[in-house]
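A.B. asks: give me a 3D structure for the following:
(one chain, ligands or ions: 2)
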Amino acid sequence: MTVKIAPSVLSSDFARLGAELAAVEAAGGDWIHIDIMDGHFVPNITFGPAVVKAMRPHTKLPFDVHLMIEPADPFLAAFADAGADVISVHKEGGAHVHRSLQVIRSLGKKAGVVLNPGTDVGGLEYMLDEIDLVLVMSVNPGFGGQAFIPAVVEKVKKVKALIGDRPIHIEIDGGVSTANAGLLARAGADVLVAGTSVFKGGTEADYRRNIQALRDSL
Ligand code: DX5
Ligand code: ZN
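C.D. replies: Ligands and ions are numbered 1, 2, ... in the order given. Below you'll find the predicted structure:
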């Protein structure tokens, strides 16, 4: 199983988003992870569908859109139209996450469900037919650059056991670095979001070195 690296633009230079996307693609990133925050579900605000749409022409890489907004349902179509390829919603983000997942699929996009660090994997077994991805948070969402929560490794193993042979990605988000990437991959993760650890340095050459270091650590 090849592990994908998904640079998180939360750690990029927002004033140069287009150039940052091109740089991280040239540097070997696999997916672009885009954090949408509303200042209500999480204590921070980032960007909306118009910004995602403006980013779309600057890279061919899939857009992995992580919605940290409540409610999410009124905005699913807008993010699909803006060019999202994967849209993930939090299990804690509303009473009807199963419905949100169905809507995302009906929009022709891959559907992901996100588990906060304090959320149990229980209930996931009832969503397996509706999802293409499980996003396991390894920090409490809202900010880049936080410390990795080690208990997540055991959680990933549980998620992997539930998924079995189904073609469902397991993605990890928060504090991913060369210190834990190998551990996460061995536990069953196949998509690693990395903000700080990819964008540190600030140049395309740095991004290439940082992405390669993550791959080498697997
Ligand atoms: C946190 C976001 C992450 C963030 C990860 O709420 O969901 O995607 O960008 O950043 P790092 O890799 O710096 O922990
Ligand atoms: Zn994220």
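A.B. asks: can you report how many residues neighbour the residue of the chain found nearest ligand 2?
C.D. replies: Among residues of the chain, the one nearest ligand 2 by C-beta to the ion turns out to be His66. It sits 3.7 Å away. (Glycine included, C-beta is placed from N, CA and C.) Neighbourhood size, His66 [other C-beta atoms under 10 Å]: 28.
A.B. asks: now do the helix or strand where it lies, average pLDDT.
C.D. replies: Here His66, judged by DSSP states H and E, is contained in strand 63-68. Rounded to a whole number, the mean pLDDT of strand 63-68 is 98.
A.B. asks: residue contacts, the residue of the chain closest to ligand 2?
C.D. replies: His33, Ile34, Asp35, Ile36, Ser88, Gly112, Val114, Leu135, Asp173, Val193 (C-beta atoms under 8 Å, 6 or more residues apart in numbering).
A.B. asks: wondering if the strand holding His66 reaches ligand 1 at all.
C.D. replies: Yes. Contact between strand 63-68 and ligand 1 is present through His66 (criterion: C-beta under 6 Å from any ligand atom).
A.B. asks: quick check: next helix or strand after that strand?
C.D. replies: Heading C-terminal from strand 63-68, the first helix or strand you meet, by DSSP H and E, is helix 76-82.
A.B. asks: just the CA trace of that next one, in CSV.
C.D. replies: Once side chains and other backbone atoms are set aside, the C-alpha atoms of helix 76-82 remain, and they are given as CSV (Å, rounded to 0.1, in the frame of the first residue of the first chain):
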residue,chain,number,x,y,z
LEU,A,76,-21.7,20.7,0.6
ALA,A,77,-22.8,21.6,-2.9
ALA,A,78,-20.8,24.8,-2.9
PHE,A,79,-17.6,23.0,-2.0
ALA,A,80,-18.4,20.3,-4.6
ASP,A,81,-18.8,23.0,-7.2
ALA,A,82,-15.7,24.8,-6.1
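A.B. asks: so which bits of it are buried?
C.D. replies: By neighbour count, with 16 or more other C-beta atoms under 10 Å as the criterion, the buried positions of helix 76-82 are Leu76, Phe79, Ala80, Ala82.
A.B. asks: quick revisit: among the contacts of His66, which ones lie close to ligand 1?
C.D. replies: Applying C-beta under 6 Å from any ligand atom, the subset of the contacts of His66 adjacent to ligand 1 comprises His33, Asp35, Asp173, Val193.
A.B. asks: next step: those residues restricted to helices.
C.D. replies: Secondary structure of the ones next to ligand 1 among the contacts of His66 is defined by DSSP state H; no position falls in helices.
A.B. asks: of those, closest to Val152?
C.D. replies: Within the ones next to ligand 1 among the contacts of His66, distances to Val152 taken as C-beta to C-beta reach their minimum at Asp173, with 9.8 Å.
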